[in-house]
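In: Take this sequence and fold it.
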Amino acid sequence: MRTDKKTTTTCFLLVLTMLFGFMANAHAADLAAGKKVAKSSCKQCHAFVAGKNKIGPTLFGIIGRVAGTAEGYKFKPDMIAAGKKGLVWDKETFSKYMVMSNNKRKKYIGSLIGKSKASLKMNAKKIKGKKLENLLGYLETLK
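Out: So this is what the prediction gives:
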């Protein structure tokens with residue numbers, strides 16, 4: 001059986017469309033799961049809209065933000081100093097921070113600013129694995 005170029009191209013495009021559709025649905029499920037993690041683990045202290053701070057700074061725009069710079073939020077001096085030393089919340093730094101215990105977070109930020117331990121406001125449980133991956137996906141959409 002002989003197929004023409006038009007039929008082959010049409011079939012190829014159909015397969016690509018289906019593939020991208022499946023990928024989009026999988027991504028949407030991850031975002032929904034990430035939003036659920038944010039609501040259950042972060043909502044008590046953080047807002048998810050621009051300019052609204054609670055006990056902690058807004059998480060709107062957190063990915064790509066210099067540490068200690070959320071507008072209108074009063075950070076402890078050590079977090080501001082870490083930002084001035086170059087700490088930017090990207091996927092790597094945020095992931096590293098969230099899998100640490102509170103004590104290790106203080107040591108990590110302290111190491112960036114020349115202290116044994118930093119003084120920080122955040123006191124939260126670790127988030128890791130798929131939950132963290134989904135949370136990061138959701139936070140990346142908050143722009």
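In: those helices in this structure, which residues are they?
Out: 5-41, 77-84, 91-98, 102-113, 129-141 (DSSP state H).
In: so for the longest one, what's the average pLDDT?
Out: Across helix 5-41, pLDDT averages out at 66.
In: Distance-wise, check Y97 relative to G83.
Out: Using C-beta to C-beta, to the nearest Å, one gets 13 Å for the distance from Y97 to G83. Where you see a C-beta, it was placed from the backbone N, CA and C, and this is true even at glycine.
In: contacting residues for E133?
Out: Counting by C-beta atoms under 8 Å, 6 or more residues apart in numbering, E133 touches 30, 34.
In: The same query, at a cut-off of 10 Å, please.
Out: 30, 33-34, 37, 91, 95, 127 (C-beta atoms under 10 Å, 6 or more residues apart in numbering).
In: Just the buried subset of those residues, please.
Out: Applying a neighbour-count criterion of 16 or more other C-beta atoms under 10 Å, the buried members of the contacts of E133 are 30, 33-34, 37, 95, 127.
In: count of neighbours near M98?
Out: 19 (other C-beta atoms under 10 Å).
In: Can you give me the distance of it to I127?
Out: Distance of M98 to I127, computed by C-beta to C-beta: 5 Å.
In: Excluding sequence neighbours, find me the nearest residue to S41.
Out: Spatial nearest neighbour of S41, excluding adjacent residues (C-beta to C-beta, 6 or more residues apart in numbering): I127 at 5.9 Å.
In: actually K121, sorry about that
Out: That would be K76: by C-beta to C-beta, 6+ apart, it lies 5.7 Å from K121.
In: quick one, what contacts the one you found?
Out: Contact analysis of K76 by C-beta under 10 Å, 6+ apart lists 68, 82, 109, 118-122.
In: Go ahead and confirm S40 touches A124.
Out: No. Using C-beta atoms under 10 Å, S40 makes no contact with A124, being 11.8 Å away.
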